[in-house]
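> here's a sequence, model it:
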Amino acid sequence: QVHLVESGGRAVHPGDSLRLSCSVSGGTFSKINIGWFRQAPDRERKLVAAIGWSGSRYVVDSEEGRFTISRDNAETTVYLQMNNLTPDDTAVYYCAGRETDPFPQLFTHEYAFWGQGTQVTVSS
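Numbering: from 1, shown residues only. The predicted structure is shown next:
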């Protein structure tokens, strides 16, 4: 069983940067694809970035240039670097995993394992 724990979410001001972490245990980390999703109040949960087990990366067009995803196989952790945050980035951020290809997987139903989420609040 793959277990994911997000951390790093907090309240920040517009223009700030934040790095979220997704710590993964169980399974074979080097063979797990990870996605970062976010869900704002009364909105559906949507993918913002994903990274494949081979290191392939995907960032949704709307966040290209602001968000970067990376993974550290030695630390079994995936990171989401978010820059120039705006109030529209306020949401609960979740990481999710799956152990099979193809990559990228864009939708929530394509992921088998989920973390509990970490809250990011951007306000002045």
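> okay, buried residues for stretch 18-26 please.
Leu18, Leu20, Ser21, Cys22, Ser23, Val24 (16 or more other Cβ atoms under 10 Å). To be clear about C-beta, it is placed using only N, CA and C from the backbone, and glycine gets the same treatment.
> contacting residues around it?
1-10, 12, 32, 34, 36, 75-82, 85, 93, 95, 97, 115, 118, 120 (Cβ atoms under 8 Å, 6 or more residues apart in numbering).
> circling back to that earlier point, now, which of the buried residues of stretch 18-26 lie within helices?
Nothing among the buried residues of stretch 18-26 maps onto helices, per DSSP state H.
> secondary structure element for the residue nearest the centre of the chain?
Compute the mean C-alpha point of the chain, and by Cα atoms, centre = their mean the closest residue is Trp36, 2.2 Å away. Using DSSP states H and E, Trp36 sits in strand 33-39.
> ok, that strand: who's next to it in the sheet?
When sheet partners are counted by DSSP bridges, strand 33-39 sits next to strand 46-51 (antiparallel), strand 91-98 (antiparallel).
> between the ones you listed, which one is closest to Ile69.
Ile69 sits nearest to strand 46-51 of all the strands paired with strand 33-39, at 4.0 Å, using Cβ to Cβ.
> export stretch 9-20 as CSV, just CAs?
Only the C-alpha atoms of stretch 9-20 are listed here, as CSV (Å, rounded to 0.1, in the frame of the first residue of the first chain):
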residue,chain,number,x,y,z
GLY,A,9,0.9,24.5,3.0
ARG,A,10,0.4,27.8,4.8
ALA,A,11,-0.9,31.3,4.6
VAL,A,12,1.1,33.6,2.3
HIS,A,13,0.8,37.0,0.6
PRO,A,14,0.3,37.6,-3.1
GLY,A,15,3.6,37.4,-5.0
ASP,A,16,5.1,35.0,-2.5
SER,A,17,6.5,31.6,-3.3
LEU,A,18,5.8,28.3,-1.6
ARG,A,19,7.2,24.7,-1.9
LEU,A,20,4.9,21.8,-1.1
